[in-house]
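Q: Below: sequence and its predicted model.
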Amino acid sequence: MIKVEQVSKSLGGRRIVEDVSLWIKDGEVAGLLGPNGAGKTTMIRLMNGVITPDHGSIHINGYSASKHGKQIRQLAGVMTESAGLYPDMTARENLDFFARLYGVEIPRVRIGQLLEQFRLESYGNKLVGEYSTGMKKRLAIAKALLHQPKLLYLDEPTNGLDPDGIREMMLYLRQLNRQEGTTIIICSHVLYQLEEVCGSFLFLDQGRIVESGTLGELEQRYAGEVVLRVETGLAASSSLLPAMYQPRETRVGEIEFTLPGKEEISDLLRLLLLHSWVHHVQIANRSLESIYFEVRRRVHEQ
Ligand SMILES: Nc1ncnc2c1ncn2[C@@H]1O[C@H](COP(=O)(O)OP(=O)(O)OP(=O)(O)O)[C@@H](O)[C@H]1O
């Protein structure tokens with residue numbers, strides 16, 4: 001369990017993290033969101049015991065991040081944006097170096113497993129400096145997993161990956177969480193990817209946690225009206241449609257409605273089906289992205 005209590009941190013004479021408290025349960029996948037410079041990477045560095053808080057405390061499975069940095073790094077794997085790989089060493093040499101640092105038993109076997117798992121067996125003896133971005137990302141996550149950590153911190157894990165690589169990475173993270181129960185903290189700006197994999201979200205803004213919760217909780221707090229898009233044979237101008245839901249055509253064959261809440265969806269669909277077909281229905285304003293912008297709007301209004 002990660003327990004952060006009233007943590008503040010200044011760097012270069014400036015307050016970067018301000019009075020942050022958060023709790024992340026074992027086995028949870030949590031998304032850390034926020035604009036550039038919000039303090040996400042700094043929070044990861046604090047939670048991993050790389051830097052120490054000026055005020056407050058951080059405990060990971062009971063270990064204090066200030067006093068037991070070594071034990072915490074044994075528990076946790078980190079994949080940063082820069083990955084911390086040595087370009088003039090081969091993948092095997094890199095993994096071997098870090099495996100020894102983590103005290104991995106029989107590193108050769110573990111390295112073999114990971115190279116195979118991340119489809120890098122044929123490139124194990126190639127210099128990392130000659131790797132593509134996707135290969136480097138795969139190697140970086142292999143490096144983070146060398147010591148089979150219970151906790152994984154990922155900073156922009158899909159940055160630079162092609163669509164196949166992104167799908168593979170997200171699938172792998174879900175598997176890791178389900179099969180091994182690994183707790184995962186992900187920082188990312190790619191909100192639809194976070195939405196796919198995270199069970200809860202923390203919003204950082206100027207070093208402060210300004211919002212947190214599951215998608216369901218955030219929906220309840222932020223999404224009032226429902227914007228519903230329906231692919232149907234009816235025209236938006238049809239007198240059969242209830243004017244109070246403001247039907248408007250978004251593209252040929254698709255009408256958008258604004259409903260006061262989710263409760264009205266079934267009745268509206270029943271009415272549409274009475275007169276025509278319905279092929280697709282989508283709530284357009286309940287994504288993590290729309291909530292993110294709403295959180296930002298409210299924070300900056302204050
Ligand atoms: N060692 C440091 N010395 C001084 N300032 C720092 C240091 N590290 C980070 N900062 C500053 O702290 C702020 C937060 O940085 P951080 O990297 O934590 O943000 P972030 O939310 O991860 O941003 P991004 O989304 O761009 O990765 C930035 O303004 C950054 O310039």
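A: Yep, it's here.
Q: quick check: mean pLDDT across stretch 94-101?
A: Per-residue pLDDT over stretch 94-101 has a mean of 93.
Q: Ok, stretch 226-236 next?
A: pLDDT averaged over stretch 226-236 gives 95.
Q: and for that stretch, what are the contacting residues?
A: 240-241, 247-250, 253-262, 264-265, 268-269, 272, 275-286 (CB atoms under 8 Å, 6 or more residues apart in numbering). For every residue, glycine as well, the C-beta is placed using N, CA and C.
Q: Return the set of buried residues in it.
A: 226-232, 234 (16 or more other CB atoms under 10 Å).
Q: Quick check: phi and psi at whichever residue of the stretch 201-302 of the chain sits closest to the ligand.
A: Nearest residue of the stretch 201-302 of the chain to the ligand (CB to the nearest ligand atom) works out as residue 204 at 6.5 Å. Per-residue torsions, residue 204: phi -110, psi 140 (degrees, to the nearest 10).
Q: pretty sure residue 272 is in a strand, no?
A: No - with DSSP: H, G, I helix; E, B strand; the rest coil as the criterion, residue 272 is helix rather than part of a strand.
Q: Surely it and residue 280 touch.
A: No - judged on CB atoms under 8 Å, residue 272 makes no contact with residue 280 at a distance of 11.8 Å.
Q: who's more crowded, those two?
A: The neighbour comparison of residue 272 against residue 280 (other CB atoms under 10 Å) goes to residue 272, with 21 against 10.
Q: And this structure, what are its domain boundaries?
A: By the record's domain assignment, the chain is partitioned as 2-219, 224-285 (automatic domain parsing).
Q: Deepest in the core, which of those is it.
A: domain 2-219 (a mean of 18; mean count of other CB atoms under 10 Å).
Q: Mind jotting down where the strands sit in this protein?
A: Assigned by DSSP state E, the chain shows strands spanning 2-11, 14-24, 29-33, 55-60, 63-64, 76-79, 151-155, 183-187, 200-205, 208-213, 226-232, 248-251, 254-259, 278-283.
Q: do you know which of the ones you listed lies nearest residue 140?
A: strand 76-79 (5.0 Å; CB to CB).
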